[in-house]
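Peer 1: sharing a model that was predicted from the sequence below.
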Protein chains: 2
Amino acid sequence: MVLPDHLTTRDGACLLRRADEADVAAIVALLAADQLGATRDSADDLTPYAAAFRAIDADPAQQLLVVVDAPGDVVGTMQLTLIPGLARRGALRMQIEAVRVQETHRSTGLGAAMMEWAIDDARRRGCALVQLTSDKARVDAHRFYERLGFMASHEGYKLRL
Amino acid sequence: MVLPDHLTTRDGACLLRRADEADVAAIVALLAADQLGATRDSADDLTPYAAAFRAIDADPAQQLLVVVDAPGDVVGTMQLTLIPGLARRGALRMQIEAVRVQETHRSTGLGAAMMEWAIDDARRRGCALVQLTSDKARVDAHRFYERLGFMASHEGYKLRL
């Protein structure tokens, strides 16, 4: 899909575009505002985030996206990663990570519009599969993903180093 | 870690190395021999796999690896993907996909040696997290990952396009 693009929500249209470095503080604020991210992320020191932004931005397999509302505030973010693989007859897959919607923009259809955009983008790029993992504590998110057609067919394992 | 490397198993040493295009048929045979992969993969037509191999091989974020036993047969495979991200203070993560060990080499410690190699490689590359998903039907695999220290903290969602 061509970016920037518009997403329609019950509160009006938002702009979806590729993140630039000036968005990093706003994205980190969304990550840190999250119930589970609160202990893991903080906007107090942006140095590690700026370095990570540059690594993401330089990698053609990555799309780090932000949603901007009419007043110009970053109210959503997600990261889309293309992963080539041999399994499933050489299927390209899209992985969605770090989906966040600002509290004030929940229940407006914005999250679903973001995910539908990602699924359309995956289809356009020839992916056979879209995948994501969601913390087992996020029960509301699970209902949301299931409504979109995702199946919780796998266990998602993490090992912190 | 420098490749090729040696993995020690109870049946002797195996060689771990980067896959090359001549390994594709053997890797697909491992994918197709798998109980869940049997309906999804077949070595009858290698064309889509060869194209996928070239995409994996050209992407510096991917390591597609094979394990070769003393007689020279491919008896294991895994794909390691580096994913940069902003979450968790700009953490780089390693994702492990498509782990397969030939039936005849199960219970020799080969699978654990492969995973330990991957975890060491992730550490060396500065990853803060190693992640993978495993089909909920693979109950034996779950015990295996848990013994290695992985936590099934997430639901793994998939959407086929």
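Peer 2: Thanks, I have it. As the structure is a computational prediction, the values presented were derived from the model and not from experiment.
Peer 1: tell me where chain A has strands.
Peer 2: A:5-9, A:12-18, A:62-68, A:74-84, A:92-101, A:129-135, A:151-160 (DSSP state E).
Peer 1: what residue ranges in chain A score low on pLDDT?
Peer 2: A:1 (pLDDT under 70).
Peer 1: how near is the residue of chain A most remote from its centre to A:Thr81?
Peer 2: The centre of chain A is farthest from one residue, A:Arg89, which by C-alpha atoms, centre = their mean lies 26.5 Å away. In this view, A:Arg89 and A:Thr81 are 20 Å apart by C-beta to C-beta, to the nearest Å. Where you see a C-beta, it was placed from the backbone N, CA and C, and this is true even at glycine.
Peer 1: and if you look at A:Thr133?
Peer 2: Distance from A:Thr133 to A:Thr81, by C-beta to C-beta: 12 Å.
Peer 1: same question, A:Gly72
Peer 2: The value you get for A:Gly72 to A:Thr81, if C-beta to C-beta is used, is 27 Å.
Peer 1: is stretch A:77-91 positioned near chain B?
Peer 2: Yes: if you take C-beta under 8 Å from any C-beta of the partner chain as the test, stretch A:77-91 does meet chain B, through A:Gln79, A:Thr81, A:Ile83, A:Pro84, A:Gly85, A:Leu86, A:Ala87, A:Arg88, A:Arg89, A:Gly90, A:Ala91.
Peer 1: what residue lies at the spatial centre of chain A?
Peer 2: Centroid-nearest residue in chain A, with C-alpha atoms, centre = their mean: A:Met78, separated by 1.7 Å.
Peer 1: bridging residues for that one?
Peer 2: Here A:Met78 sits in beta bridges with A:Leu65, as judged by DSSP bridges.
Peer 1: let me see the contact set for it.
Peer 2: A:Leu65, A:Ile96, A:Glu97, A:Ala98, A:Val99, A:Arg100, A:Met114, A:Ala118 (C-beta atoms under 8 Å, 6 or more residues apart in numbering or on different chains).
Peer 1: and those, which is closest to chain B?
Peer 2: A:Ala98 (4.9 Å; C-beta to the nearest C-beta).
Peer 1: doesn't B:Ile83 make contact with the closest one?
Peer 2: No: look at A:Ala98 against B:Ile83 with C-beta atoms under 8 Å: they stay out of range, at 10.3 Å.
Peer 1: ok, the two, which is more surrounded?
Peer 2: B:Ile83 (23 against 20; other C-beta atoms under 10 Å in any protein chain shown).
Peer 1: so what touches the top helix by length along chain A?
Peer 2: The helix spanning the most residues in chain A, taking DSSP state H as the definition, is helix A:110-124. Helix A:110-124 has contacts (C-beta under 8 Å, 6+ apart) with A:1, A:5, A:7-9, A:11, A:14, A:16, A:63, A:65, A:67, A:75-76, A:78, A:80, A:94, A:96, A:99, A:101, A:130, A:144-145, A:147-148, B:159, B:161.
Peer 1: for stretch A:26-34, same thing?
Peer 2: By C-beta under 8 Å, 6+ apart, stretch A:26-34 touches A:19, A:37-38, A:40-43, A:46, A:49, A:64, A:66, A:73-74, A:76-77, A:98, A:100-103, B:86-87.
Peer 1: with stretch A:61-74 instead?
Peer 2: A:3, A:7, A:11-19, A:23, A:26-27, A:30, A:53, A:56-57, A:75-83, A:101-102, A:105, A:110, A:114, A:121, B:59, B:61, B:83-84, B:86.
Peer 1: count the residues that sit near A:Leu3.
Peer 2: Neighbours of A:Leu3 (other C-beta under 10 Å): 12.
Peer 1: just the CA atoms of stretch A:72-89, as PDB, please.
Peer 2: Coordinates of each C-alpha in stretch A:72-89 appear next as PDB, following Å, rounded to 0.1, in the frame of the first residue of the first chain:
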ATOM      1  CA  GLY A  72      -1.200  16.100  14.500                       C
ATOM      2  CA  ASP A  73      -0.600  13.800  17.600                       C
ATOM      3  CA  VAL A  74       0.900  10.300  17.200                       C
ATOM      4  CA  VAL A  75      -2.000   8.100  18.500                       C
ATOM      5  CA  GLY A  76      -0.900   4.700  17.200                       C
ATOM      6  CA  THR A  77       2.000   2.600  16.100                       C
ATOM      7  CA  MET A  78       2.900  -0.800  14.700                       C
ATOM      8  CA  GLN A  79       5.900  -2.500  13.200                       C
ATOM      9  CA  LEU A  80       5.600  -4.800  10.200                       C
ATOM     10  CA  THR A  81       8.400  -7.200   9.400                       C
ATOM     11  CA  LEU A  82       8.700  -9.400   6.200                       C
ATOM     12  CA  ILE A  83      10.300 -12.800   6.900                       C
ATOM     13  CA  PRO A  84      11.100 -15.100   4.000                       C
ATOM     14  CA  GLY A  85      11.200 -18.800   4.800                       C
ATOM     15  CA  LEU A  86      11.200 -22.300   3.200                       C
ATOM     16  CA  ALA A  87       8.200 -23.700   5.200                       C
ATOM     17  CA  ARG A  88       4.700 -23.700   3.600                       C
ATOM     18  CA  ARG A  89       6.200 -23.900   0.100                       C
END
